[in-house]
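In: Turn this into a model:
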Amino acid sequence: MRSSIKIHFLIIINLLFYFSVFAQEIPENIKTELSEYENQIEKYKNENNTQQELGLLNKAAFLCWNNQLYSRSINHFKRVLELNEQSGNQNGILLSTNYIGMIYDETEDYNSAILYFSKGLNISKKLNDKKNITSALINISQSYQQLTNYDESNKSALEGVDIAKELNDLKLVRSFYGILANNYQNLGNSEKSIEYFDLFASIDKFLKKEEIKDIKQQSATEINKAQEEKKQTKERLDEQTDKLIETESSLAKVEEVSSEQKTQLELQESKIRAQAAQLKFERLVRNFLIYGFIAILIFSGVLILFYRKINTQKNKIEEQRDKLDLQNQKINSSIQYAQNIQRAILPVKNQIKNLFDSFIIYKPKDIVSGDFYWFTRLKDRAFLAAVDCTGHGVPGAFMSMIGSSLLNEIVLEKQVSEPSKILSLLDEKIIESLRQDETENNDGMDVCFISIDLKSNEIAFSGAKRPLFIFKNKTSEFNEIKGDRISIGGAKKDKKNETFNNHIIQTETGDILYLSSDGLTDQNNLERKRFGSNRLKEVILSSIAEPMDVQKEIIEKELNDFQRDEEQRDDITLIGIKIN
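Out: Take a look at the predicted model:
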């Protein structure tokens, strides 16, 4: 996040820069304009006309910034800063330092950016301008974050949280919590990261509820306004009706007079009768025109009414669509941030590669995944798991974060090393966390879990509805060891007395282990055929002599050729490790 000042000017800068981004050099008209500015600046400087010099310095600085002449832009802004310092213009000093800090940030000179953002922070503190204080703290915190100085970033973020709370600005509080969650994740403090992410998520959820409430209130206001317009239209229509009645009454009187005249004229000669006939014809024509005109008025009124109604509904629909688009963008942004957090809980691939020749295929169906893999090492024993949570997308991602956190607690904190006991404890804690004995919630996960004795190469495996595949190098046998037919999670009454079992396997150098979710084997093609376990075994056996990275490429190519344009059905995880 950046300060409100930075956001407004970066938007303007990006729009101006968009049309020249692919140009190889600055257009001649820009060079001419910049040269004119700088000549005028020199003139006013010699004349000691500070006001005119300041105005042109700002224009030249922004023109250089827009055209990526960062060094010249900084020089102009520094001259602006110098003039403002001479005149004691605190607001001018604050703006100048912020602009210089933003340019250094944009050019990735984060140390210089922090220097100027800190100057702005000191000025804002002197002015007791808490809004600009929080903006400066966000900029400083994120610049430290770019330098991977997460401790200093946290100091600024924590200071900003307190001030944002004083301002009762939940959006700022949410931004600081997001920074803290990311920093603690990078520092390896999962507990603190999850704590701040939970705070971030709860405020984000509250703000979205408030936005939805505002939309509903605006919709209600628009409905009331439309009803009031309808009422006013009806009143005007009633007035027109009264006028029509008066007109008809007048016409009736005219007809009475005409009838009397007709009676008198019928006593006259044929010439007089002809004149009466002419009068009758003219009356018919006049009545036709009057009623026709009235009909046209009524029809026009109805058309106008319908047009206004349709136009109003169209505007409302477009307004709601824009709001929904904005809301969808915000939701996608939140999900993208959740993806960063979820990826941060996954093991660093080098942790596994430092112990084993290995590969990992990890393809979420959506932005975030219901699959995850987990790895850790305790002394001379390594632990590895491939986990398939109920569902995919956001619901599955929440389950994956719960599962990863619980595995850390069971193995790292409680020092449980036997796979069957680990799965049993994981099962109990999932049921307890989701209160599945009290509710109808049956979400859970399927797990393939192994522990490896790094000295003897002895493998202990336990599975919850997931098998372990083993290729024996000496005998060239490819075996499948099935897991137990029970899942992690779900009400205890459905499991009766079932327990997880341990399988002990002695491996040798060159043996390869494969752990997976069911996403790859369940993937279908355009003909609705599943990839299947047999096809996976065949692909693995055909490439078993290849290095692990090459095996990964072959499996992914086979999957892509099989799937083609068919949508991915589920999250996909496949891990292969070779015993050294």
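
In: What ranges does this protein have for its strands?
Out: Taking DSSP state E to define them, one finds strands in the chain at 357-363, 371-378, 381-389, 444-453, 458-464, 468-472, 477-481, 488-489, 503-506, 512-516, 572-578.

In: and these, which one is worst for confidence?
Out: Lowest mean pLDDT of the strands of the chain: strand 488-489, a mean of 92.

In: Would you mind pulling up the elements that that strand packs against?
Out: For strand 488-489, the contact count by 3 or more CB pairs under 8 Å, 6 or more residues apart in numbering; DSSP states H and E identifies helix 419-433, strand 444-453 as packing neighbours. Glycine gets a C-beta too; all of them are placed from N, C-alpha and C.

In: In TSV, list those along with mean neighbour count and distance to residue 514.
Out: Putting those into TSV (neighbours: other CB atoms under 10 Å; distance: least, CB to CB, whole Å) gives the following:
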stretch	mean neighbour count	distance to residue 514
helix 419-433	20	16
strand 444-453	24	9
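
In: Columns distance to residue 534 on top of the strands of the chain, output as CSV?
Out: Output for the strands of the chain, formatted as CSV (distance: least, CB to CB, whole Å):
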stretch, distance to residue 534
strand 357-363, 18
strand 371-378, 22
strand 381-389, 20
strand 444-453, 18
strand 458-464, 19
strand 468-472, 12
strand 477-481, 11
strand 488-489, 27
strand 503-506, 22
strand 512-516, 14
strand 572-578, 15
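
In: Any idea how many residues pack against residue 364?
Out: Residue 364 has 24 neighbours, counted by other CB atoms under 10 Å.

In: Could you check how far it is from residue 343?
Out: In this structure, residue 364 and residue 343 are separated by 10 Å, where distance is defined by CB to CB, to the nearest Å.

In: tell me, what's touching the two both at once?
Out: Applying CB atoms under 8 Å, 6 or more residues apart in numbering, one finds that no residue jointly contacts residue 364 and residue 343.

In: Make JSON lines out of the helices and strands packed on strand 488-489 and add distance to residue 94.
Out: What follows is those, written out as JSON lines (distance: least, CB to CB, whole Å):
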{"stretch": "helix 419-433", "distance to residue 94": "48"}
{"stretch": "strand 444-453", "distance to residue 94": "53"}
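
In: Mind checking those for the one nearest to residue 130?
Out: With CB to CB as the measure, helix 419-433 is the member of the helices and strands packed on strand 488-489 nearest residue 130 (39.2 Å).

In: Centre of the chain to that closest one, how far?
Out: When distances are taken as CA atoms, centre = their mean, to the nearest Å, helix 419-433 is centred 33 Å away from the chain's centroid.

In: Looking at the strands of the chain, which is nearest to residue 144?
Out: strand 371-378 (29.1 Å).

In: So what angle separates the directions of that closest one and strand 572-578?
Out: Interaxial angle of strand 371-378 relative to strand 572-578 (axes from the mean of the first three to the mean of the last three CA atoms, to 10 degrees): 30 degrees.

In: contacting residues around strand 371-378?
Out: Outside strand 371-378, the residues that touch it by CB under 8 Å, 6+ apart are 342, 345-347, 351-352, 355, 360, 362, 364, 382-389, 392, 396, 400, 403-404, 407-408, 411-412, 415, 417, 515, 517, 519, 571-573, 575.

In: Residue 138 contacts residue 176, correct?
Out: Yes. In this structure, residue 138 sits in contact with residue 176. The criterion is CB atoms under 8 Å, and the distance is 7.3 Å.

In: list the residues that contact both of the two?
Out: Going by CB under 8 Å, 6+ apart, residues that sit against residue 138 and also against residue 176 are residue 160.

In: More neighbours: which of these two?
Out: Applying other CB under 10 Å to residue 138 and residue 176 shows that residue 176 carries more neighbours, namely 28 against 24.
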